[in-house]
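> sharing a model that was predicted from the sequence below.
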Amino acid sequence: MARIELINNGILFKEEEHEYWLGNKQLFGITQAIQKQVAGQEYDNCPEYLIKRAGEYGSGVHKSIERLINEFEHDGTLEVEDFRKLTKGMNIESCEYNVSDMEHWSSNIDLVTRLSDTEFGLCDIKTYSNAKLPNHN
C-alpha cells in the first residue's frame, strides 16, 4: 500500500476568535461540543479569573510546544522539556493539523504522529489534572 501523506484541506483557523472558516462559511469547532459533554457543569462554581488563568496557561504551553516542533526553539520551560522527553522517539508528522468534514465541523489536532506508512497517532495536549478546581465561593 502506498504511503499516505497529510494534506492541507484549506480550512482557515482564526486563532484569536477560535473560529474555523471554509471560504465564507463558518464551521463548528468540535472541541467546544466535546467540552460541554465531558466537563458539563464541573467548573460552574469556579471563579472566572481562575478559569481564564488556566486557559491562558494552557494556550501558552501549546504555543511553546508549537515553537519547539515548528522552529526547533526550546524556551527553557519545564513543560517543554517534559514534552520533549515524553515524545522522544515519536515521529511527529504535524502540529495543529486541521481535520474537517468540509461541511459542518472542524478541529485542529494538537499532534499527529506517524506510526507507519498508512497509520497515524492523534495526540491531545492537556495542561490540567483530573482533580476538580477548589470551590472558591
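Looks like it arrived, so ask away. Residues are numbered from 1 along each chain as shown.
> C-alpha only now, for contacts and for neighbours.
Fine.
> okay, and residue 90 sits in which element?
Using DSSP states H and E, residue 90 sits in no helix or strand.
> and if you look at residue 74?
Counting by DSSP H and E, residue 74 is part of no helix or strand.
> so it versus residue 13, what's the distance?
Distance, residue 74 to residue 13, by Cα to Cα, to the nearest Å: 25 Å.
> now residue 66
Residue 66 is 15 Å from residue 13, where distance means Cα to Cα.
> tell me, what residue is most central in the chain?
Central residue of the chain (Cα atoms, centre = their mean): residue 110, 3.7 Å from the mean position.
> for residue 120, phi and psi?
Note on residue 120: backbone dihedrals following degrees, to the nearest 10 are phi -130, psi 160.
> ah, wrong one, I meant residue 115
The phi/psi pair for residue 115 (degrees, to the nearest 10) is phi -100, psi -30.
> need the contact list for it.
By Cα atoms under 8 Å, 6 or more residues apart in numbering, the residues touching residue 115 are 91, 121.
> spatially nearest residue to residue 30, not counting backbone neighbours?
Nearest residue to residue 30 in three dimensions, chain neighbours excluded: residue 107, at 5.6 Å (Cα to Cα, 6 or more residues apart in numbering).
> what bridges to the one you found?
The partner list for residue 107 in beta bridges (DSSP bridges) reads residue 99.
> so where's the longest helix in the protein?
Taking DSSP state H as the criterion, the chain has its longest helix at helix 48-71.
> hmm, who's touching the helix or strand of the chain with the lowest mean pLDDT?
Ranked by mean pLDDT, DSSP states H and E, the weakest helix or strand in the chain is helix 30-38, scoring a mean of 73. Applying Cα under 8 Å, 6+ apart, the set of residues contacting helix 30-38 from outside is 105, 106, 107.
> all set now, cheers.
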